[in-house]
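[1] Whatever this is, show me its structure:
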Amino acid sequence: MLFNSLNFALFLPVVFVFYWFVTNKSLKFQNILLLVSSYFFYSCWDWRFLFLLIFSTLLDFFSGIQIEKAKSQHQKKFWFWLSIIVNLGFLGVFKYFNFFAESLKDLISIFGFQVNIWSLQVILPIGISFYTFHGLSYVIDIYKNRIKAEKNFIDYALFVSYFPLLVAGPIERATHLLPQIKKKRNFNYEQAVDGLRQILWGLFKKIVIADNCAIQASLIFNNSTEYSGSTLAIGAIFFAFQIYGDFSGYSDIALGVSRLFGIELLQNFSFPYFSRDIAEFWRRWHISLSSWFKDYLYIPLGGSKGGRWVQVRNTFVVFLVSGFWHGANWTFIIWGLLNAIYFLPLLLLNKNRSHIEIVALENKLPSIKEFVMMVTTFTFTVLAWIFFRANNVKHALQFISDIFSKSFFSLPTERPTYLILLILLFIILEWLGRRKKYALENLEFQYNTFFRWSMYIIIIVFLFIFGAREQEFIYFQF
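    Got it, this is the predicted structure:
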């Protein structure tokens, strides 16, 4: 069930009505309703994988209690590592088994041997990377004595399976989401209206920007040998806006939907394409994943302590693992490696935290220096996205090589005017709203009722006029 589907448009109001008008007197029944709705939501993709989700939930719930009750360090470690190994084992089998099998086959073939490697013929359970990380952080926090184990299975299961974030994040923490689940929730009109506004903006990003960019990006990437360097560059830019509109659009819808139920989720994007360097970009892109790797990988490895070499090593480990988390393909690993290389000069020069606030915070427009920095950062980001989108490493390298050919200076053959204008409109709206959590949030504070409703109507009209065919969200595959 997609957020941008008719099924979801029917599903959401039904859950909303039951939540606020039938179960509103009991927090317990509200949570049960949300959990049942979440399991139904997930089973709409493939009901068989619902059992995997429930098993993972039961494992971490029970392991957390046993870790807290353990009378010895040996018992505590046993339940901790049982949870870690089983969870990562499931993730490894479903997501990475075939990758390692094919890589082993290629390695053996280098020495002149041809072998037949057995591979799994199974689809990737949707959202497994996200709900696995929910469970891992929960168990790790209990093991480190940061939180107490949750004793109510319904509440814990809802934390893992809450349908707005279940299949593509944001990656929540027990310290942030569980207290909200356990607390009595009253309907807040302003919160609900803000949620609807953020849903609308997320749908605009997904349907108008991402899905239309996807058509052009796929056309160019799938036929890259037939196009000039300038057209390939345009295709890479289209993909950059596709993945941003797609993933941040999903996050906006998820946060907006959750607000309808009185629950606030972690912000996942903060205008990353306005970043002035790659360090700022990664503080603004997929924030929940970046912070997860910082807390559960970078810091345990030593973080910034132990000298410059340790910092460099840990930074590369995080980016490489981040790339591998996104997919079982060498293209994702190289994408992570490129971002680590981009980050390295800032780290060595102690400039990786130079830009904390949003660009031009007190000004209407960026300075020339800031504009050049934003364009430069965006350019390097787009080059890395080519590996993310390409079919394989060879395709990515050929794609980049063809961009930097003489044909780069020719006029692009694929330059749909309507899409370029839509992207420009999108950039303008994002720029005007960059000081808020999402672009349309400032409509509530800076503009009158007539202007606000005019904007809402225009966006809804755009959804119908420029609505491409229904497409899945990119991050569902991760």
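[2] Could you state which residue of the chain sits nearest its centroid?
    residue 286 (5.0 Å; C-alpha atoms, centre = their mean).
[3] check contacts around that residue.
    169, 247, 268, 269 (C-beta atoms under 8 Å, 6 or more residues apart in numbering). For the C-beta atoms, the positions are set from N, CA and C on the backbone; glycine is no exception.
[4] Would you list the phi and psi of the closest residue to residue 114 other than its chain neighbours?
    Excluding its sequence neighbours, the residue lying closest to residue 114 (C-beta to C-beta, 6 or more residues apart in numbering) is residue 108, at 7.9 Å. Per-residue torsions, residue 108: phi -70, psi -40 (degrees, to the nearest 10).
[5] before we move on, what about residue 58?
    Main-chain torsions, residue 58, degrees, to the nearest 10: phi -60, psi -40.
[6] What is the burial count for the nearest residue to it once chain neighbours are set aside?
    Excluding its sequence neighbours, the residue lying closest to residue 58 (C-beta to C-beta, 6+ apart) is residue 153, at 8.0 Å. Look at residue 153: counted by other C-beta atoms under 10 Å, it has 14 neighbours.
[7] Go ahead and confirm residue 153 touches residue 61.
    Yes. Assessed by C-beta atoms under 8 Å, residue 153 is found in contact with residue 61 at 5.7 Å.
[8] Tell me which stretches of the stretch 351-478 of the chain form helices.
    Here the stretch 351-478 of the chain has its helices, by DSSP state H, counting those that start in this stretch, at 368-389, 393-403, 417-432, 443-446, 449-465.
[9] Mean pLDDT lowest where, among the ones you listed?
    Lowest mean pLDDT of those: helix 443-446, a mean of 67.
[10] which sections of the protein are below the confidence cut-off?
    Applying pLDDT under 70 to the chain flags residues 444-446, 468-478.
[11] can you name the farthest residue from the center of it?
    residue 112 (41.0 Å).
[12] Reformat the helices of the stretch 351-478 of the chain as TSV; add mean neighbour count and distance to residue 339.
    Shown next, in TSV, are the helices of the stretch 351-478 of the chain (neighbours: other C-beta atoms under 10 Å; distance: least, C-beta to C-beta, whole Å):
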stretch	mean neighbour count	distance to residue 339
helix 368-389	17	6
helix 393-403	17	14
helix 417-432	15	22
helix 443-446	13	34
helix 449-465	12	33
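[13] of the ones you listed, which approaches residue 98 most closely?
    Between residue 98 and the helices of the stretch 351-478 of the chain, the shortest gap by C-beta to C-beta is with helix 393-403, which sits at 16.8 Å.
[14] sorry, back to before: which of the helices of the stretch 351-478 of the chain sits closest to residue 202?
    helix 449-465 (10.9 Å).
[15] so how far is the closest one from its chain's centroid?
    27 Å (C-alpha atoms, centre = their mean, to the nearest Å).
[16] Against which helices or strands is it packed?
    Where contact means 3 or more C-beta pairs under 8 Å, 6 or more residues apart in numbering; DSSP states H and E, helix 449-465 is packed against helix 189-203, helix 443-446.
[17] Arrange the ones you listed in CSV, one row each, with distance to residue 27 as further columns.
    As requested, the helices and strands packed on helix 449-465 are arranged in CSV below (distance: least, C-beta to C-beta, whole Å):
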stretch, distance to residue 27
helix 189-203, 17
helix 443-446, 29
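[18] quick one, what contacts the residue lying closest to residue 161 once chain neighbours are set aside?
    The spatial neighbour of residue 161 that comes closest, neighbours along the chain excluded (C-beta to C-beta, 6+ apart), is residue 38 at 4.4 Å. Counting by C-beta under 8 Å, 6+ apart, residue 38 touches 158, 161, 162, 163, 166.
[19] isn't the first one right up against residue 35?
    Yes. Taking C-beta under 8 Å as the definition, residue 158 is a contact partner of residue 35 at 4.8 Å.
[20] Have a look at the two and say which one is more surrounded.
    residue 158 (26 against 23).
[21] if I look at residue 414, how far off is residue 420?
    Applying C-beta to C-beta, to the nearest Å, the value for residue 414 to residue 420 is 11 Å.
[22] One more: residue 120?
    43 Å.
[23] now residue 3
    Counting by C-beta to C-beta - residue 3 and residue 420 are separated by 26 Å.
[24] ditto for residue 296
    Residue 296 is 41 Å from residue 420, by C-beta to C-beta.
[25] ok, now residue 323?
    Applying C-beta to C-beta, the value for residue 323 to residue 420 is 30 Å.
[26] before we move on, back to that, any idea whether the residue nearest to residue 161 is helix, strand or coil?
    What DSSP: H, G, I helix; E, B strand; the rest coil gives for residue 38 is helix.
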